[in-house]
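In: sequence-free structure coming up:
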């Protein structure tokens, strides 16, 4: 009986011990850790597109040149007696300043002689007119006789009048020659060179100096063909900014005064002319703009309406990347109207309110899902 009981009791005990062990194992087993889901979407930054009206700025370059230059020559002969201290290379002179003087003695004597000749001619004219009046009175008493013009002394009076006119002309020339002994500046000028000194004898027509007008300067600058479409309709009268580069760069305002009217055969460029008044500030206190300076020229062109201003580095092969409402990337072909500075101005291919991707993933793909930067999400 005991053996039979043992036969059944032993398996039951084993099962009970196994069940207890399993409960003990489960009781001491650690809870499974939660698995975190990693977001592998690339992070991007976007900007909402808005169209703008933008006035084009056209930039060029050129050299500052005088509006006019003069090779100064003597108009009378003689010895140079004195010259203006400012009449030297690099000197500035104002219109009407005496630059140098030629000895006047001969020309003063010639003027006195011309005055005497005029007085003599007037005296002869008075005499002939008096004789003509006498002849006319006598002719009236000779009613039955025909008198000639010679009898009435008409030719003699005409000759006397001609002598007076000739003497007046001689006086005018003598006065002109005397005045030309003082050689004056024809305009406000910079003396480029001077080739005379006190005691030097000069002849009529001898070139003695070179002057350049400082009343105004001009800059002739090229406009490339791709900028022609953006020139304002009324270019003449437009304001331009003239600037030099360097540590002590200066800036002056100018006026665009004309188009040279031709296209350069070699470069296919047109050329405009900007004028700067009083470049050497002889009549003001602005910084001097010297002749020969190489300057930049900028001025306003046409206004582009409803365009999109986009950094150039975002455009590749005329394609931009945008993000749709599902945060997915897609490319867009655009039409670049103008390049200026660091930006492209796009006329076609974009719409206001679209999301322009500013920071692209390394290998962007159409339909690639992305996520926004935290700051961008907060703003939205």
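Out: Looks like it arrived, so ask away. Remember, it's a predicted structure, so these values are computed and weren't measured experimentally.
In: all strands for the stretch 101-250 of the chain, in order.
Out: Using DSSP state E, counting those that start in this stretch, the strands found in the stretch 101-250 of the chain span residues 182-184, 189-194, 201-202, 207-213, 216-223, 239-243.
In: Dump those to TSV, plus mean pLDDT.
Out: Output for those, formatted as TSV (pLDDT from 0 to 100):
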stretch	mean pLDDT
strand 182-184	94
strand 189-194	94
strand 201-202	94
strand 207-213	94
strand 216-223	95
strand 239-243	95
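In: quick one: which of those strands is nearest residue 329?
Out: strand 216-223 (40.1 Å; C-beta to C-beta). (Each C-beta comes from the backbone N, C-alpha and C, glycine too.)
In: just checking, what packs against that closest one?
Out: strand 52-66, strand 251-263, strand 270-277, strand 294-311 (3 or more C-beta pairs under 8 Å, 6 or more residues apart in numbering; DSSP states H and E).
In: go with 7 Å
Out: On a contact count with 3 or more C-beta pairs under 7 Å, 6 or more residues apart in numbering; DSSP states H and E, strand 216-223 meets strand 52-66, strand 270-277, strand 294-311.
In: in this structure, which residue is closest to the centre?
Out: residue 297 (3.4 Å; C-alpha atoms, centre = their mean).
In: about what we covered before: for my notes, please list the strands of the stretch 101-250 of the chain in JSON lines and give distance to residue 260 and mean neighbour count for each entry.
Out: Converted to JSON lines, the strands of the stretch 101-250 of the chain look like this (distance: least, C-beta to C-beta, whole Å; neighbours: other C-beta atoms under 10 Å):
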{"stretch": "strand 182-184", "distance to residue 260": "33", "mean neighbour count": "18"}
{"stretch": "strand 189-194", "distance to residue 260": "25", "mean neighbour count": "21"}
{"stretch": "strand 201-202", "distance to residue 260": "38", "mean neighbour count": "17"}
{"stretch": "strand 207-213", "distance to residue 260": "20", "mean neighbour count": "20"}
{"stretch": "strand 216-223", "distance to residue 260": "7", "mean neighbour count": "21"}
{"stretch": "strand 239-243", "distance to residue 260": "15", "mean neighbour count": "17"}
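In: is residue 371 in a bridge, and if so with what?
Out: residue 43 (DSSP bridges).
In: hang on, it packs against residue 327?
Out: Yes. Counting by C-beta atoms under 7 Å, residue 327 is a contact partner of residue 371 at 6.5 Å.
In: Tell me where this protein has helices.
Out: Ranges of helices within the chain are 2-28, 105-141, 154-179, 225-228, 374-379, based on DSSP state H.
In: Mean pLDDT lowest where, among those helices?
Out: Mean pLDDT is lowest for helix 374-379 among the helices of the chain, at a mean of 51.
In: Can you check the pLDDT for residue 92?
Out: Here the pLDDT value assigned to residue 92 is 91.
In: How many residues are close by residue 156?
Out: Residue 156 has 19 neighbours, counted by other C-beta atoms under 10 Å.
In: All further residue positions should be reported with the first residue as 39.
Out: Let's use 39 as the start, then, which means that last one is residue 194.
In: what sits against the residue nearest to it when sequence neighbours are not counted?
Out: Closest residue to residue 194 apart from its sequence neighbours, by C-beta to C-beta, 6 or more residues apart in numbering: residue 166 at 4.7 Å. Counting by C-beta atoms under 7 Å, 6 or more residues apart in numbering, residue 166 touches 191, 194-195, 198.
In: Residue 102 now?
Out: 255, 257, 317, 327-331, 333 are the contacts of residue 102 under C-beta under 7 Å, 6+ apart.
In: Okay, domains of this protein per the record?
Out: By the record's domain assignment, the chain is partitioned as 84-92+343-417, 96-104+251-341, 107-140+223-250, 142-218 (automatic domain parsing).
In: So for residue 76, which of these sits nearest?
Out: domain 84-92+343-417 (12.4 Å).
In: Surely residue 105 touches residue 257?
Out: No. Residue 105 is beyond contact range of residue 257, at 10.8 Å (criterion: C-beta under 7 Å).
In: what's the burial count for the residue nearest to residue 89 when sequence neighbours are not counted?
Out: Leaving aside its sequence neighbours, residue 89 sits nearest to residue 344 (C-beta to C-beta, 6+ apart; 4.5 Å). Using other C-beta under 10 Å, residue 344 is surrounded by 10 other residues.
In: Residue 196 now?
Out: 13.
In: again with residue 350
Out: Residue 350: 13 neighbours (other C-beta under 10 Å).
In: how far away is it from residue 341?
Out: 21 Å (C-beta to C-beta, to the nearest Å).
In: What of residue 354?
Out: 28 Å.
In: do the same with residue 78
Out: 46 Å.
In: and what of residue 188?
Out: Counting by C-beta to C-beta - residue 188 and residue 341 are separated by 84 Å.
In: same check, this time on residue 135
Out: 48 Å.
In: contacts for stretch 324-342?
Out: 91-104, 250, 255, 257, 259, 268-270, 276-282, 288, 290, 294, 312, 314, 317-319, 375-376, 383.
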